[in-house]
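In: How does the following fold in three dimensions:
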Amino acid sequence: MRTATVTRFGGPEVLQLMERPDPVPGPGEVMIDVEVADTLWLETVVRSGAGQDYWPMRPPYVPGNGVAGRVSQVGDDVDRALLGRRVVAHTGSEGGYADRAVVAAQAVSDVPDGLDLLVAAALLHDGPTALALFDITKVGPGDTVLVVGASGGLGVVSVQLGLARSARVVAIARGAKLDRVRELGPGAVIDSEQPDWIEQARAALNGAGADVVLDNVGGDLGEASFALVADGGRFSGHGTPSGRFARVDQVTARRRGITVTGIETVQMSPGDLKRYTDQALDAAASGTIAPVIGQTFPLEQASSAHAAIEGRDVFGTTLLLTAT
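Out: Residues are numbered from 1 along each chain as shown. Modelled structure (predicted):
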């Protein structure tokens with residue numbers, strides 16, 4: 001089978017198309033003929049070598065946290081009724097950039113009839129993460145939610161989910177992506193490249209601050225957005241596309257009664273990940289959320305997909321397609 005393999009740590013060019021033997025499902029496992037693989041910002045960080053203190057992958061390895069396709073083989077002790085089913089599954093951080101992937105049978109989620117596999121794949125990371133974040137920050141009707149980095153896959157789903165939960169949503173994006181974010185229907189869209197964006201955001205929040213700030217970016221932008229949380233509000237600093245997580249003054253947070261959470265709160269158990277994945281698929285099938293697939297690349301152009309993500313030129317979710 002073909003794989004997009006990280007041959008050494010470095011830039012996107014280290015991703016090379018290589019042939020590897022087909023995997024074989026063991027007891028309790030299934031093999032998926034992959035049609036679509038999700039791609040994540042985090043995968044570009046690990047590939048660069050910057051995450052060696054936190055992630056165990058060492059070259060050569062095949063990236064890819066999530067796949068969508070059909071079950072083509074099952075191992076021992078697995079219900080043969082799974083054969084041929086359209087499914088999505090998380091691979092456990094490796095193995096998704098390939099024609100075939102082996103995963104635990106209990107990890108697969110059926111794709112609802114009528115839901116496109118590309119849409120299902122686009123939800124694999126952003127759907128469960130957004131749902132978990134909304135539960136953690138307790139977003140409810142009447143809340144005002146500020147989505148920082150609303151043009152990425154997670155940001156798009158967060159805007160949609162906020163509107164579905166009857167919250168008021170203010171979105172922070174930048175440059176050419178602003179019009180596409182406006183199409184999602186938030187109450188206001190603020191351009192973070194404007195020098196007075198904080199004042200604009202505060203005005204859009206009616207001067208009262210946001211009940212919940214979802215920081216999908218981190219760095220200086222995320223830290224600045226902390227000032228927009230209302231007293232007694234909730235701030236989730238889980239994003240790193242800026243290169244680092246936002247650093248929040250805990251003394252100030254305690255004084256203002258702000259609950260601060262980070263990426264650790266969405267490190268889900270396999271059971272929770274499966275539950276939230278099923279919820280996301282059902283929400284997409286019902287039309288509650290609709291991930292935006294901004295761009296797709298064939299498997300052999302995985303390096304181009306990583307370059308686009310790192311250049312922050314993408315909108316919505318970026319996917320790899322295996323069809324030749």
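
In: From the centroid of the chain, which residue is nearest?
Out: Centroid-nearest residue in the chain: Asp126, 3.3 Å away (criterion: C-alpha atoms, centre = their mean).

In: Tell me who's in contact with that residue.
Out: Counting by C-beta atoms under 8 Å, 6 or more residues apart in numbering, Asp126 touches Gly153, Leu154, Val156, Val157, Pro291, Thr317. C-beta coordinates here come from the backbone N, C-alpha and C atoms, glycine included.

In: The same query, at a cut-off of 10 Å, please.
Out: Residues near Asp126 by C-beta atoms under 10 Å, 6 or more residues apart in numbering: 38, 40, 152-158, 161, 216, 280, 289, 291-292, 316-317.

In: what do you get for Tyr61?
Out: Thr3, Thr5, Val6, Thr7, Val46, Arg47, Ser93, Glu94, Gly95, Tyr97.

In: and Gly262, how many residues sit next to it?
Out: Counted with other C-beta atoms under 10 Å, residues neighbouring Gly262 total 17.

In: So the residue nearest to it when sequence neighbours are not counted versus Ala173, what's the distance?
Out: Using C-beta to C-beta, 6 or more residues apart in numbering and skipping the chain neighbours, the partner closest in space to Gly262 is Gly237 (5.2 Å). Separation of Gly237 from Ala173 (C-beta to C-beta, to the nearest Å) stands at 18 Å.

In: more crowded one of the two?
Out: Neighbour totals were compared for Gly237 and Ala173, and Ala173 leads with 28 against 24 (other C-beta under 10 Å).

In: what's the distance between that one and Ala227?
Out: 18 Å.

In: same deal with Ala121?
Out: Distance from Ala121 to Ala227, by C-beta to C-beta: 36 Å.

In: mind listing what Pro63 touches?
Out: Each residue near Pro63 by C-beta under 10 Å, 6+ apart is listed here: 3-6, 15, 37, 39-40, 42-44, 46-47, 57, 91, 93-98, 302, 306, 320.

In: Also Gly155?
Out: Per C-beta under 10 Å, 6+ apart, neighbours of Gly155: 126, 130, 147-149, 171-173, 177, 181, 184, 214, 216-217, 239, 292, 315-316.

In: Kindly report the same for Glu13.
Out: If a contact means C-beta under 10 Å, 6+ apart, then Glu13 has Thr7, Ser303, Ser304, His306, Ala307 as its contacts.

In: Mind telling me what element Val46 is part of?
Out: Per DSSP states H and E: Val46 is located in helix 41-48.

In: by contact count, what packs against that helix?
Out: Secondary-structure packing of helix 41-48 (3 or more C-beta pairs under 10 Å, 6 or more residues apart in numbering; DSSP states H and E): strand 2-6, strand 15-19, helix 302-310.

In: Pick the most deeply packed of the ones you listed.
Out: strand 2-6 (a mean of 23; mean count of other C-beta atoms under 10 Å).

In: Using just helix, strand and coil, how would you label the closest residue to Ala150 other than its chain neighbours?
Out: Excluding the flanking residues, the one nearest Ala150 by C-beta to C-beta, 6+ apart is Ala171, at 3.6 Å. Secondary structure state of Ala171, per DSSP: H, G, I helix; E, B strand; the rest coil, is strand.

In: got the contact list for stretch 189-205?
Out: Applying C-beta under 10 Å, 6+ apart, the external contacts of stretch 189-205 come out as 144, 146-151, 159, 168-175, 177-183, 186-188, 208-211, 213, 217, 220-221, 224-225, 227-230.

In: Good, we can wrap up now.
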